[in-house]
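Visitor: here is my input, please return the structure:
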Amino acid sequence: MKAITRLASFTACAAAFSVFACAAPVEGWTQDLDKALVTAKAEKKFVLVEFTGSDWCPGCKFMSKNVFTKKEFIKAASKKFILVELDFPNGDKALAEKNKPMYDKYKVEGYPTVILLDTDGKEFAHFDATKFPDPDAFLKHLDDAIEKKDLD
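Guide: Residues are numbered from 1 along each chain as shown. Reported below is the predicted structural model:
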């Protein structure tokens, strides 16, 4: 009986931890797109929105580990962008449901997808994040996207 009680306690703790881990944004990132747009307008920055399945998507996990959580990436990208993570974790259905309207609005077809928005919230780039698998390549792509936007 003690074994069953311990197993139940362990399972409950593990489930609680996994939901907490999915729900907490990485330092330098926000999960509130509306607030990010207000901040971007005030600071004259763009908005980078990453659509991720943090607890189940292999490409998302790779990008998180190798790009999005790297201090050098966050520091450099934050000079021009407000960083937003919209997560669709299996371990937090309520969060995934909360973010679904943005998934539909921006016609996201897979994970990890990144969209770039101007200060008015207008999309100017939409791409698969895994095409730029290291901070330098990703930052270069961001600069190229801004340059292309400015030429249009």
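Visitor: give me the below-cutoff pLDDT ranges for this structure.
Guide: Filtered on pLDDT under 70, the chain yields the residue ranges 1-25.
Visitor: residue contacts, the residue sitting nearest the centre point of it?
Guide: Per CA atoms, centre = their mean, the C-alpha nearest to the average position across the chain is that of E85, at 2.6 Å. Applying CB atoms under 8 Å, 6 or more residues apart in numbering to E85 gives the contacts P25, V26, W29, T30, Q31, V49, E50, T52, S54, F68. From N, CA and C alone the C-beta is placed, and that goes for glycine too.
Visitor: out of those, flag the one nearest to A94.
Guide: Of all these, the one with the least separation from A94 (CB to CB) is Q31, at 12.5 Å.
Visitor: what's the neighbour count on that closest one?
Guide: Using other CB atoms under 10 Å, Q31 is surrounded by 17 other residues.
Visitor: what of the one 4 residues further on?
Guide: Using other CB under 10 Å as the criterion, K35 is surrounded by 12 other residues.
Visitor: now it: how far from V49?
Guide: Distance from K35 to V49, counting by CB to CB, to the nearest Å: 13 Å.
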